[in-house]
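Visitor: Need coordinates for the below:
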Amino acid sequence: MTKLQEAEQGIEADPTICDDEPRIVRTRIPVWVLVQARKLGTSEAEILRAYPTLRAEDLTNAWAYYRGHRDEIEQQIQENEAA
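Guide: Take a look at the predicted model:
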């Protein structure tokens, strides 16, 4: 498994999983999916219900990763909307 350039707690990337997109550890859920859900008005409680493997801590880690890597995540959102 590859490490993110700047190790982020609870976030990992692996070229064989989710096209190397940063994702929540133990899952195949990319950070951009959670950020996009939040931008569309989905509450944290709704996200946790939709993804039962996630914990509140995972969302905290995702939001922190997004704050530090906003351009990267926004690019992934745009690419996936265009697909």
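Visitor: Quickly note the distance from D71 to R49.
Guide: 30 Å (C-beta to C-beta, to the nearest Å). From N, CA and C alone the C-beta is placed, and that goes for glycine too.
Visitor: so for the strand or helix carrying I73, what's the average pLDDT?
Guide: For I73, the enclosing helix or strand under DSSP states H and E is helix 70-82. Rounded to a whole number, the mean pLDDT of helix 70-82 is 95.
Visitor: cool, stretch 18-32 as well?
Guide: Stretch 18-32 comes out at a mean pLDDT of 94.
Visitor: Could you do stretch 51-62 as well?
Guide: 96.
Visitor: and the residue nearest the centre of the chain, how far is that from Q9?
Guide: The chain has V31 as the residue nearest its centroid, 0.8 Å off, counting by C-alpha atoms, centre = their mean. Distance, V31 to Q9, by C-beta to C-beta: 13 Å.
Visitor: Kindly report the same for E81.
Guide: Counting by C-beta to C-beta, the gap from E81 to Q9 is 28 Å.
Visitor: can you check G41 too?
Guide: 27 Å.
Visitor: Between these two, which is the more surrounded one?
Guide: Q9 (10 against 7; other C-beta atoms under 10 Å).
Visitor: List the contacts of stretch 71-83.
Guide: For stretch 71-83, the surrounding residues in contact (C-beta atoms under 8 Å, 6 or more residues apart in numbering) are E21, P22, P30, V31, W32, V35, Q36, K39, Y65, Y66.
Visitor: Would you tell me what helix or strand the fifth one is located in?
Guide: By that I understand W32. helix 31-39.
Visitor: and that helix with helix 70-82, angle?
Guide: Angle, helix 31-39 to helix 70-82, by axes from the mean of the first three to the mean of the last three C-alpha atoms, to 10 degrees: 80 degrees.
Visitor: From the contact counts, what lies against helix 31-39?
Guide: Judged by 3 or more C-beta pairs under 8 Å, 6 or more residues apart in numbering; DSSP states H and E, the packing partners of helix 31-39 are strand 23-24, helix 44-50, helix 56-68, helix 70-82.
Visitor: residues of that helix that come out buried?
Guide: V31, W32, V33, L34, V35, Q36, A37, R38 (16 or more other C-beta atoms under 10 Å).
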